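[1] Quick one, structure for this:
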Amino acid sequence: MLSLLGTLLIGLVVGFIARALKPGDDKMGWIMTALLGVAGAFLATYVGMAMGWYQQGAAAGWLASVVGAVVLLVLYGLVKNNNT
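    All right, here's what the predicted structure looks like:
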């Protein structure tokens, strides 16, 4: 349980950093921001393992997690804009 809370807290921080780095107005709440940060960390870890940067079971670093979250934020914005 503590590990899940820690992951969500780190995801929230990563998501806020990603939202601060990406220009534009993103109207999403803090829950979506945390989910975006967690998903960004998972994306960075998966891509890092596929590219041979990380070993199985290793987590992506802060910078890679933020980059992954920014990529997901851009994709989210593109999908959201296409639906309106």
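
[2] contacts and neighbour counts: CA atoms only from here.
    OK.

[3] all helices for the protein, in order.
    2-21, 30-51, 62-83 (DSSP state H).

[4] Can you say which of these is packed in most?
    helix 30-51 (a mean of 20; mean count of other C-alpha atoms under 10 Å).

[5] packing partners for that one?
    helix 2-21, helix 62-83 (3 or more C-alpha pairs under 8 Å, 6 or more residues apart in numbering; DSSP states H and E).

[6] list the contacts for the residue nearest to Leu12 when sequence neighbours are not counted?
    Nearest non-adjacent residue to Leu12, counting by C-alpha to C-alpha, 6 or more residues apart in numbering: Ala34, 3.8 Å away. Ala34 makes contact with Leu8, Leu9, Ile10, Gly11, Leu12, Val13, Val14, Gly15, Phe16 under the criterion C-alpha atoms under 8 Å, 6 or more residues apart in numbering.

[7] where does Ala60 land on pLDDT?
    Confidence at Ala60, expressed as pLDDT, is 69.

[8] What of the one 3 residues further on?
    In this prediction, Leu63 carries a pLDDT score of 82.

[9] Contacts for the helix-or-strand element of the chain with minimal mean pLDDT, please.
    Among the helices and strands of the chain, helix 2-21 carries the lowest confidence by mean pLDDT, DSSP states H and E, at a mean of 78. With contacts defined as C-alpha under 8 Å, 6+ apart, helix 2-21 is touched by 26, 30-31, 33-39, 41, 62, 65-67, 69-70, 73.

[10] switch the cut-off to 10 Å
    Applying C-alpha atoms under 10 Å, 6 or more residues apart in numbering, the external contacts of helix 2-21 come out as 1, 25-26, 28, 30-42, 62-74.
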